[in-house]
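Novice: 3D, please:
(chains A, B, C and D)
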Protein chains: 4
Amino acid sequence: MIIIMRPKVNDAEVNAVIQKLESLGLQANVSRGVERTVIGAIGEDRHLHQPVLKAMPGVSDVVPIVKPYKIVARESHPENTVIDINGILLGGNTIQVIGGPCSVETQPQMDLSAEGVAAAGCRLMRGGAFKPRTSPYAFQGAGLEGLSMFRQAAKAHNLPIVTELMDVRMLDSFLEHGVEVIQVGTRNMQNFDLLKELGKVHVPVILKRGLCATISEWLMSAEYIAAGGNHQIILCERGVRSFETAYRNMLDVTAIPVLKRETHLPVIVDPSHAGGKAWLVPALAKAAIAAGADGLLVEMHPTPCEAWCDADQALTPTELQTLMVELRALANAMGRDL
Amino acid sequence: MIIIMRPKVNDAEVNAVIQKLESLGLQANVSRGVERTVIGAIGEDRHLHQPVLKAMPGVSDVVPIVKPYKIVARESHPENTVIDINGILLGGNTIQVIGGPCSVETQPQMDLSAEGVAAAGCRLMRGGAFKPRTSPYAFQGAGLEGLSMFRQAAKAHNLPIVTELMDVRMLDSFLEHGVEVIQVGTRNMQNFDLLKELGKVHVPVILKRGLCATISEWLMSAEYIAAGGNHQIILCERGVRSFETAYRNMLDVTAIPVLKRETHLPVIVDPSHAGGKAWLVPALAKAAIAAGADGLLVEMHPTPCEAWCDADQALTPTELQTLMVELRALANAMGRDL
Amino acid sequence: MIIIMRPKVNDAEVNAVIQKLESLGLQANVSRGVERTVIGAIGEDRHLHQPVLKAMPGVSDVVPIVKPYKIVARESHPENTVIDINGILLGGNTIQVIGGPCSVETQPQMDLSAEGVAAAGCRLMRGGAFKPRTSPYAFQGAGLEGLSMFRQAAKAHNLPIVTELMDVRMLDSFLEHGVEVIQVGTRNMQNFDLLKELGKVHVPVILKRGLCATISEWLMSAEYIAAGGNHQIILCERGVRSFETAYRNMLDVTAIPVLKRETHLPVIVDPSHAGGKAWLVPALAKAAIAAGADGLLVEMHPTPCEAWCDADQALTPTELQTLMVELRALANAMGRDL
Amino acid sequence: MIIIMRPKVNDAEVNAVIQKLESLGLQANVSRGVERTVIGAIGEDRHLHQPVLKAMPGVSDVVPIVKPYKIVARESHPENTVIDINGILLGGNTIQVIGGPCSVETQPQMDLSAEGVAAAGCRLMRGGAFKPRTSPYAFQGAGLEGLSMFRQAAKAHNLPIVTELMDVRMLDSFLEHGVEVIQVGTRNMQNFDLLKELGKVHVPVILKRGLCATISEWLMSAEYIAAGGNHQIILCERGVRSFETAYRNMLDVTAIPVLKRETHLPVIVDPSHAGGKAWLVPALAKAAIAAGADGLLVEMHPTPCEAWCDADQALTPTELQTLMVELRALANAMGRDL
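Specialist: Numbering: from 1, shown residues only, chains lettered A, B, ... in the order given. Sure, this is the predicted structure:
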């Protein structure tokens, strides 16, 4: 951590910073330049003291030089983490496409969905039984009954299920239903009490990026889960909020190579929620694979126009099949399987 | 709701939309222009069907014309809502400044804080016992013990307390401690399960704006609380995320007059978290009052440099006193008290 | 264009809007709903009158339903525009990679650059003789002398040259030097006088997206050039400003399929300026191709560490060669050449 | 400037950086920490070398510690700059409100406007003869004839005129017409050739902030003008682009105190273009004054509904008069005149 002092700082101010650092158990390295004096702080957990130092007289800025995340950092674990979901590997050379509807509606809808997902060659299935909706008057999900419908449909095709947990009080029910992958949604990326509970279980977690979370904040949320002991974390980029109104969210494709450099965790992408339009999904899915993503979350509905939620962004089963063929060609050109 | 059809749409597509509207219990009003055909949908809860209609063949766009929020809309309740907090009115002609430290640390720190808050003429006190921290390794708050310290300090000066609830499982404890105003933080603005529970209690709620929430989304979150039966909601603007790095968040001062037009709920501003620097607080606090805010949340700490959290943004007790004098002059020039 | 009236609007207000529309030569179609009255405006160039109508008493909102761009719209010209640059086609099935240094420095640097560009298999060369620099104290470009150095180097490998025009007063010099493609930089996307002059010449123009320009504004800037008679316009996505600080700009990969749907003009991507780091270029270049881009602008410098500008984002000649091989595999998997 | 090396950097990499610094005429101060080595660079114009150093092997990040702007920095000129515009002072204790229409339309419109501006007590008048319009098909301004109309109308009330220069080729005409204050619009904030020419004249310049320009970039654009010798620069905040759609731009009120700390130049605010709605102007104008602005640019039109441009954001002459009374009360409460 580097403390940059203001121009014309006096000795008393410099000394006060040095004493403060020493009282925090850190060492100070003072460098007096032509215009500025700069103090380096050496020792453990320096970044935690940043605000205190910023508040001291004569201090202009405090610059951290070590990343605040540890367990999830590639620096501390150079090899890729590969997560085993009932024998299906995510984070390795094979790209996984997780298909399924936005929300669980009825048993027939889920049965048709599971059939479509399996027919397209996807090995994991998604579907929401608890839905975070902007409006209190919109469909809030089929709840636990939905989980049972989902499980029954997926079982017929041997598909592990991925579903969102919104309320920490429902975690036990998720465990009882044997949910294979628990998803933390965009709006809960910094629901720290939820993250702490997920740190205590032994179930893989998909952690979606917050609507305007920085990559660093996102990794810190992953660190919350990891700090509890659960290292099976999958990061999911799903578009961020921007000024552009031509589509729903701006897919941050640059986040993929940045994450691959910063962390050893697998990175997947949700092109459906990013663009918010079915016709955008193929281009965004391809871009994600080309940029190095380890998987995709793709919305598919047996009859999109009838969907109870996000109807205009789901692919049909046929469209998903076509997309899988195109993605496989792309993955092969990248030296990967799909 | 208006459905705009694509150029060169055919009759079958137009008729399908009309039939869909009728099946949803809505009426269709068709207007064929030179280049475009436009269909108006008339009836209740139209906006819920927007995605389904957007997904239909031939549809170019669907434009809602009625606001999605109801209870919190000024259209439905033209008078300002004034909230009575133990006899202190928020939302009326008197501007309320809620002062206090970012987090509860120790009993002496809270006693000194309460003294400073009362001495400055503030009538409500803030302080966090549960802290949402980006890092799992940072101080997470003093917890329930902190609540007790806070209560004891505030009682001596007869100050109602404002404190943040992060975890829905702690709500009963907050009620037992008689917390006068429960704060929902930025990261929980769309924690819908938490909002639903707060809709069931009879305690005023400060709902902070999400880091990049639109005003409409924010009002929809307030609607979640209101829909449960709790109409005592205070909206708190605290800066939004932007591209600018010269300060922490961008205070959206324009949100104040927009909210005053859209909703009858009181609007307050947190200049401390917005700017992230103590020296910015006076200018932002004044701008908020001048733009029409009903109150402020201002951080004050007896010894800011020693604060365990956000040390560089707290005012000293003396700075708070000076600010209150300046704000009172401004409020009077606006025809209000403080 | 649809005029949405406020709730409880009165007849006088509705009639005033109708009369105003008729005075502008438009027809009015009135639809009275349960809660709102909506007036459709039918006729030419309606969108130009939007602000006047918005200002009228009783009007809540005015929604345009026809796109404001015409010549550049795919609606008006369904086939892709393919631009012929000295026999090299851009916008067809073959993807073009335009390589070269950020700025023209010396003749040897340009000679080595041209050699590297040609050796990698690129068919067009880029280089800036006039540089838009944030600081007045930074290197401002080699100027006209730089153009001559660039021409000489490119000629040896028969490479058409792409270079940026900043000042409208330099246009004649660019024409005299026979610049094959004139680039309009990000900061000049809405320099309308410059765009108007480029509308009068018969030279292909690369129009870079403004730092936070919407896709619609960008197409309107293209329309400025097209309206003057020059339809040889290439749109270049180069990242937009965002809140993320882990890299320079956020590459808006979603803009590619959106542009492909909205306009018939070719779309290229600049992965070098977007990410701002050489190590990000391969992932972003691949994502751009996968999303459907027709070409790339890639920075290469014979000795990046010695570059006078943006040293940390240029590839070496060897890195460019490797990238071209990888991109060709990807293009082939997409059914395209490169 | 501080160069932060990667973890596990080797001696050769550290030595290469030291040699590079020395070859640039800078001194190196090396500090080896537990996890990281950090090198301080001491000497002149360090920041210009930032990209070269970032590109070197082993370098993780390069942090500048001195601001890149010099002439406009308050560090170099602690007193406020006060600009004398024909005897009217801007930047001193008296707040100046510059009123007038968005664009010059006709002589009677300008005569009525000037009358309204003077009657409200404003001492300077604004109006655009050359208009930057997103669409090539929208009204582009009355041009030089407009300038003459403007001058004639303003002269009758002894009002200095403020008008926008878009095209560097028109500068001589502006000088011939004796324009008292030349405005550089948002879209031209980084039109560096225009800024350089304005550095050579002796006319005050209003430099509007770019649509998503950082405060630092904005000050660098001011530095372009100042570096040429013209130090009469007024910065105008006019709202920045954001994700919010409830109004046009987000007024960055925090920029006001930040600028007041960073620079000695006067700061004014344009509440009309920021909000884009006449009904928002009073609240935003008051917030700007309260935050410390030295002046305002306010749109007024004798008959707003008939305006040829931005009709929904202009105040009527009566509304401007009322606003001036309210602003004066506020200014007095702040210890200033208006």
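
Novice: which parts of chain A are helices?
Specialist: Here chain A has its helices, by DSSP state H, at A:11-23, A:50-54, A:107-120, A:143-155, A:171-176, A:192-198, A:215-227, A:255-262, A:271-275, A:281-290, A:317-333.

Novice: and the contacts of the first one?
Specialist: Contacts to helix A:11-23, defined as C-beta atoms under 8 Å, 6 or more residues apart in numbering or on different chains, come from residues A:3, A:5, A:27-28, A:30, A:37, A:39, A:41, A:52-53, A:56-59. Backbone N, C-alpha and C define where each C-beta goes, glycine included.

Novice: related to what we said a few turns ago, mean pLDDT lowest where, among the helices of chain A?
Specialist: The minimum mean pLDDT among these belongs to helix A:50-54 (a mean of 80).

Novice: is that one in proximity to chain C?
Specialist: No: using C-beta under 8 Å from any C-beta of the partner chain, helix A:50-54 stays clear of chain C, coming no nearer than 15.7 Å.

Novice: around the residue nearest to A:Ser173 when sequence neighbours are not counted, count how many other residues there are.
Specialist: Leaving aside its chain neighbours, A:Ser173 sits nearest to A:Leu144 (5.9 Å; criterion: C-beta to C-beta, 6 or more residues apart in numbering or on different chains). If you count neighbours by other C-beta atoms under 10 Å in any protein chain shown, A:Leu144 ends up with 15.

Novice: for A:Asp193, see how far away A:Leu144 is.
Specialist: As judged by C-beta to C-beta, to the nearest Å, A:Leu144 and A:Asp193 stand 21 Å apart.

Novice: A:Phe130 now?
Specialist: 17 Å.

Novice: about what we covered before: of all the contacts of helix A:11-23, which two lie farthest apart?
Specialist: Within those, A:Gln27 and A:Pro57 form the most distant pair, 21.3 Å apart (C-beta to C-beta).

Novice: quick one: residues contacting the residue nearest to A:Val63 when sequence neighbours are not counted.
Specialist: Nearest residue to A:Val63 in three dimensions, chain neighbours excluded: A:Ile2, at 4.6 Å (C-beta to C-beta, 6+ apart). Contact analysis of A:Ile2 by C-beta under 8 Å, 6+ apart lists A:Val38, A:Ile39, A:Gly40, A:Ala41, A:Val62, A:Val63, A:Ile65, D:Ile2, D:Val38, D:Val63.

Novice: who's in contact with stretch A:272-284?
Specialist: A:102, A:186, A:237-239, A:247-251, A:269, A:271, A:297-299, A:304, A:310, A:312-315, A:319, A:323, A:326, B:55, C:253-254, C:256-258, C:261, C:290-292.

Novice: pLDDT wise, what is the residue nearest to A:Val63 at?
Specialist: For A:Ile2, the predicted pLDDT is 81.

Novice: among the contacts of helix A:11-23, which ones lie close to chain B?
Specialist: The residues of the contacts of helix A:11-23 that also fall near chain B, by C-beta under 8 Å from any C-beta, are A:Val52, A:Met56.

Novice: what's the neighbour count on the residue nearest to A:Arg133 when sequence neighbours are not counted?
Specialist: Sequence neighbours aside, A:Gln140 is the residue nearest to A:Arg133 in space, at 6.1 Å (criterion: C-beta to C-beta, 6+ apart). Using other C-beta under 10 Å, A:Gln140 has 17 neighbouring residues.

Novice: isn't A:Gln140 right up against A:Lys131?
Specialist: Yes: applying C-beta atoms under 8 Å, one finds A:Gln140 in contact with A:Lys131, separated by 5.7 Å.

Novice: no further queries at this time; thank you.
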